[in-house]
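> My questions concern the predicted model and sequence given below.
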Amino acid sequence: MPESLDAALTDVRHLLLDPNRLVRAVAAGRRRGAQPRWQRVELRPVSLKAGSQLQVISDDGVRPYTRNVAWGGAAEEVIDRLLAEPFGNWYVESTDGVLQLRVTKRGEAQVHRAAPVAGPGTTAPAAVGSTAAAHDRPASHLLDPGDPLFDVIGGNAAKRRQVDAFLRALAATLADDELPQPLRVVDLGCGNAYLTFAAYRYLSARGIDVRLTGVDVRSDQRARNAALAERLGWSDHVDFVAGTILESEVDGADVVLALHACDTATDEALARAVGWGARWVLAAPCCHHDIAAQLRAGTAPEPYQPLTRHGILRERFADVLTDAVRASLLRLHGYRVDVVEFVGSVHTPRNLLLRARHTGASATPELRSEYESLVGQWGVTPALARLLRPVPAE
């Protein structure tokens with residue numbers, strides 16, 4: 001039931017000002033018709049040489065700014081200013097439990113209270129004064145590497161960096177949109193579900209009502225991931241399906257994620273997203289064997305034979321051609337598409353991200369001609385084109 005916003009924010013204030021109870025808090029999103037100064041703000045108690053302080057990490061969408069303030073009057077002033085900002089969501093973890101506040105379109109507070117994040121088999125967040133909490137210049141992460149979530153799901157440092165980078169792209173993609181409630185998210189080819197769990201953790205921390213489904217072909221992965229969701233206490237909101245990307249029993253999605261689905265599995269994920277009419281799609285492709293094989297079997301047009309004469313050049317060009325074709329096909333099906341680097345190549349060579357938002361725009365003759373010329377000149381038949389329905393002529 002909706003509550004008074006002032007009363008709910010007062011509860012938030014009490015938690016934020018109590019260094020013995022506060023574990024972590026995040027303010028994000030925006031209220032209808034208003035825009036806060038910061039895209040996201042995170043608060044947590046830290047132990048420094050100067051003593052216990054409140055750390056405030058403010059992110060304006062370009063870069064984070066970190067400062068530490070003393071408890072008492074200085075912290076009260078900072079917190080009161082933040083509570084006056086028109087954030088749409090507050091997420092507060094305390095030693096007592098979790099409070100999630102979402103501001104409705106009517107300006108009321110939708111509040112959800114839950115048990116503490118650390119449950120059976122997990123490690124509780126570090127208390128103020130502990131070694132884990134002592135740091136002067138922490139790295140900025142959307143999910144802290146010390147988050148108790150990682151004690152449950154595991155994953156090495158490289159995987160966590162990739163997931164964090166993917167979450168940043170997700171945050172940027174959803175930042176300026178009014179989100180449906182609940183927000184239906186599907187992770188296609190989820191594997192060990194690092195991204196699935198991290199996406200739920202991040203989105204729910206913003207106060208968003210999320211229903212997230214992970215799909216993987218292996219039934220043992222489904223059983224493992226479902227058990228982890230149960231252990232985390234998230235099984236009411238996070239579930240898993242065993243099946244292929246194309247045939248899994250999933251009704252639809254607002255957001256489709258696919259992190260490093262191999263070769264044409266990325267095409268299957270994109271085709272499924274288009275079939276559902278998903279509003280947002282984020283796919284980081286992996287290997288690109290399909291078009292590479294077609295290039296190897298064919299003849300490059302003049303004067304581009306040098307691009308495919310040598311195996312390593314042919315493979316790299318196939319990567320570029322495959323993703324260019326994918327972007328063109330998504331545009332033909334009513335999506336606005338960006339192709340960006342989501343993480344540095346030092347972390348993974350597969351660092352390209354297709355980021356798409358459905359606009360419903362009609363396929364123009366210019367877009368059709370661009371696509372047909374591209375595939376015709378190179379004599380390729382993209383897997384995604386085979387999976388999608390032909391775009392009707394105007």
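Arrived safely. Numbering: from 1, shown residues only.
> contacts and neighbour counts: CA atoms only from here.
OK.
> neighbours of G97, just the number please.
Residues lying near G97 (other C-alpha atoms under 10 Å) number 16.
> Next, find the distance separating the nearest residue to it once chain neighbours are set aside from D18.
The shortest distance from G97 to any residue other than its chain neighbours is 3.8 Å, reached at P116 (C-alpha to C-alpha, 6 or more residues apart in numbering). Using C-alpha to C-alpha, to the nearest Å, P116 is found at 16 Å from D18.
> G189 now?
Noted for G189: a distance of 42 Å to D18, by C-alpha to C-alpha.
> re earlier: wait, the residue nearest to G97 touches L99, no?
No. The criterion here is C-alpha atoms under 8 Å, and P116 misses it with L99 at 9.4 Å.
> any common contacting residues for the two?
E93 (C-alpha atoms under 8 Å, 6 or more residues apart in numbering).
> The two: which has the busier surroundings?
Each of P116 and L99 has its neighbours counted (other C-alpha under 10 Å); L99 has more, 23 against 16.
> Assumed the more buried one was part of a strand.
Yes. The assignment for L99 (DSSP: H, G, I helix; E, B strand; the rest coil) places it in a strand.
> For A205, see how far away it is.
L99 is 9 Å from A205, by C-alpha to C-alpha.
> and if you look at L321?
38 Å.
> neighbour count winner among those two?
More crowded of L321 and A205, by other C-alpha under 10 Å: A205, with 24 against 20.
> Domains in this structure, by residue range?
2-140, 151-387 (automatic domain parsing).
> So which bits of stretch 363-381 are buried?
Using 16 or more other C-alpha atoms under 10 Å as the test for burial, stretch 363-381 gives A363, R368, Y371, L374, W378, G379, V380.
> my read is the second one is in a strand, agree?
No. According to three-state DSSP, the state of R368 is helix, so it is not within a strand.
> hang on, V325 packs against E372?
No. Contact criterion C-alpha under 8 Å: V325 and E372 do not qualify, at 9.7 Å.
> any idea how far the closest residue to V163 other than its chain neighbours lies from V391?
Distances taken as C-alpha to C-alpha, 6+ apart place L195 nearest to V163, at 5.8 Å, with adjacent residues excluded. Going from L195 to V391 by C-alpha to C-alpha gives 32 Å.
> Between the two, tell me which one has more neighbours.
Comparing L195 with V391 by other C-alpha under 10 Å, the one with more neighbours is L195, at 23 against 13.
> Could you pull up the contacting residues of the more buried one?
Here L195 is in contact with V163, D187, L259 (C-alpha under 8 Å, 6+ apart).
> Now do the same for the residue nearest to G97: its pLDDT.
On the pLDDT scale, P116 is placed at 74.
> neighbouring contacts of the lengthiest helix in the chain?
In the chain, with assignment by DSSP state H, the single longest helix is helix 311-332. Applying C-alpha under 8 Å, 6+ apart, the contact partners of helix 311-332 are 267, 274, 287-289, 291-292, 295-296, 307-308, 336-339, 354, 356, 362-364, 367-368, 370-371, 374-375, 382, 384-385, 391.
> what's the least confident stretch among the domains of the chain?
Taking the mean pLDDT of those, domain 2-140 comes last: a mean of 80.
> Distance from the chain centre to that one, please.
20 Å (C-alpha atoms, centre = their mean, to the nearest Å).
> ditto for stretch 271-290
14 Å.
> got the contact list for Q110?
Contacts of Q110 (C-alpha under 8 Å, 6+ apart): M1, P2, E3, L101, R102, V103, T104.
> The nearest residue to the second one once chain neighbours are set aside is in what secondary structure piece?
Going back to what we said before, that points to P2. Take P2 and drop its neighbours on the chain: the residue closest to it by C-alpha to C-alpha, 6+ apart is Q110, 4.9 Å away. Element membership of Q110 [criterion: DSSP states H and E] is strand 109-114.
> continuing past that strand, what's the next helix or strand?
The element immediately downstream of strand 109-114 (helix or strand, assigned by DSSP H and E) is helix 149-153.
> buried residues in that following helix?
L149, F150, V152, I153.
> again with stretch 314-328
R314, E315, F317, A318, D319, L321, T322, D323, V325, R326, A327, S328.
> mind exporting that stretch as CSV, just the C-alpha atoms?
C-alpha atoms of stretch 314-328 as CSV (Å, rounded to 0.1, in the frame of the first residue of the first chain):
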residue,chain,number,x,y,z
ARG,A,314,39.2,-12.5,-42.5
GLU,A,315,38.1,-13.4,-38.9
ARG,A,316,38.4,-9.9,-37.6
PHE,A,317,36.6,-8.5,-40.6
ALA,A,318,33.9,-11.1,-40.1
ASP,A,319,33.4,-9.8,-36.6
VAL,A,320,32.9,-6.3,-37.8
LEU,A,321,30.6,-7.3,-40.7
THR,A,322,28.5,-9.6,-38.5
ASP,A,323,27.7,-6.9,-36.0
ALA,A,324,27.2,-4.2,-38.6
VAL,A,325,24.6,-6.5,-40.3
ARG,A,326,23.0,-7.2,-36.9
ALA,A,327,22.7,-3.5,-36.2
SER,A,328,21.2,-2.8,-39.7
